[in-house]
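*Asks:* Generate coordinates for the sequence data below:
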Amino acid sequence: MNAERGTMNLHRSSLNVCRLSFVPPLLSIDSVSKSFGDQAAVRDLSFTVEPGEIFGLLGPNGAGKTTTLRMVLDLFKPDSGTIEVFGGPIDEHKKDRIGYMPEERGLYDDLKLTDCLHYLGTLKGLGRRQAKTRVEAALKRFDLWDHRKKKVEKLSRGMAQKAQIIAATLHDPDLLIVDEPFANLDPVNVELVKTTLRESGFSSTACHPPCSVPPSPFDTTFPLSIPAKSNIHSRDARRVCGRGPDRTRRAPC
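*Replies:* Numbers count the residues shown, from 1 in each chain. Have a look, this model is predicted:
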């Protein structure tokens with residue numbers, strides 16, 4: 001993605017949902033570039049996310065992965081190129097259809113865990129009773145129920161990571177974007193998170209795994225997009241990723 005700072009590779013895996021020609025892309029990035037001063041963070045990046053696949057951005061620090069996700073979320077504006085979400089420019093209504101788990105902790109440290117998750121759920125449109133029911137079920141599934149009355153700042157890093165996954169998925173988003181979702185998790189909880197995301201039925205999940213890439217990345221990492229109806233397609237993976245092999249994988253419908 002950025003030849004000077006390291007390349008970014010695209011990985012995808014099908015969820016056995018065939019693409020329907022009349023369904024617009026969930027996410028479309030076309031010739032996007034972004035610089036900070038004289039440092040190019042993202043250069044001429046293009047790919048689309050369609051229903052049906054899991055997608056991942058893999059690369060070393062400085063390759064532009066987090067910058068790309070932040071541009072999708074409208075936190076950064078691209079210098080050039082276009083980004084469309086759900087078939088058009090992002091707006092406040094579309095943001096409510098997106099779940100986002102940042103790389104940095106995005107919870108309120110001074111609140112009790114349950115209060116924090118209830119509040120974040122209501123911000124995304126859940127009623128109080130609905131938020132309470134979903135939070136209770138999620139805390140039990142992620143083995144956090146016994147810690148529900150702890151302040152977020154008292155949680156271990158692994159617990160806080162699981163809490164962030166809950167916060168990002170609580171409102172059943174149509175597009176889920178997760179930045180390094182497995183950081184601080186042990187292997188058992190990595191499998192729990194992967195299972196939870198696969199079973200949740202999101203239209204798409206985005207994530208940015210660590211840069212060390214095992215021989216079969218989908219065995220140990222859960223890449224950029226997930227869902228019951230989502231897939232990512234790169235028009236030209238070699239050009240998008242800069243130098244290096246085309247490491248995109250596509251599974252047939």
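
*Asks:* For the chain, which segments are assigned as strands?
*Replies:* 9-14, 27-36, 39-50, 53-58, 80-85, 98-101, 175-179, 204-208, 231-233 (DSSP state E).

*Asks:* Please convert those strands to TSV, extending it with distance to Asp146.
*Replies:* Any C-beta I mention is one placed from the backbone N, CA and C, and that applies to glycine too. TSV is the format used below for the strands of the chain (distance: least, Cβ to Cβ, whole Å):
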stretch	distance to Asp146
strand 9-14	34
strand 27-36	38
strand 39-50	37
strand 53-58	32
strand 80-85	38
strand 98-101	23
strand 175-179	25
strand 204-208	28
strand 231-233	38
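
*Asks:* Is it possible to get JSON lines of those that adds mean pLDDT and distance to His147?
*Replies:* Putting those into JSON lines (pLDDT from 0 to 100; distance: least, Cβ to Cβ, whole Å) gives the following:
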{"stretch": "strand 9-14", "mean pLDDT": "58", "distance to His147": "33"}
{"stretch": "strand 27-36", "mean pLDDT": "93", "distance to His147": "34"}
{"stretch": "strand 39-50", "mean pLDDT": "88", "distance to His147": "34"}
{"stretch": "strand 53-58", "mean pLDDT": "71", "distance to His147": "30"}
{"stretch": "strand 80-85", "mean pLDDT": "95", "distance to His147": "34"}
{"stretch": "strand 98-101", "mean pLDDT": "88", "distance to His147": "19"}
{"stretch": "strand 175-179", "mean pLDDT": "84", "distance to His147": "21"}
{"stretch": "strand 204-208", "mean pLDDT": "48", "distance to His147": "24"}
{"stretch": "strand 231-233", "mean pLDDT": "31", "distance to His147": "35"}
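
*Asks:* between those, which gets nearest to Leu117?
*Replies:* strand 98-101 (12.9 Å; Cβ to Cβ).

*Asks:* picking that back up, so which of the strands of the chain comes closest to Phe142?
*Replies:* Evaluated with Cβ to Cβ, the strands of the chain place strand 98-101 nearest to Phe142, the distance being 13.3 Å.

*Asks:* a markdown table please, covering the strands of the chain and showing mean neighbour count and distance to Asp74.
*Replies:* Converted to a markdown table, the strands of the chain look like this (neighbours: other Cβ atoms under 10 Å; distance: least, Cβ to Cβ, whole Å):
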| stretch | mean neighbour count | distance to Asp74 |
| --- | --- | --- |
| strand 9-14 | 23 | 22 |
| strand 27-36 | 18 | 12 |
| strand 39-50 | 21 | 15 |
| strand 53-58 | 28 | 18 |
| strand 80-85 | 17 | 8 |
| strand 98-101 | 23 | 10 |
| strand 175-179 | 26 | 12 |
| strand 204-208 | 29 | 14 |
| strand 231-233 | 25 | 19 |
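
*Asks:* closest one to Gly125 among the ones you listed?
*Replies:* strand 98-101 (11.9 Å).

*Asks:* Brilliant, that's me finished.
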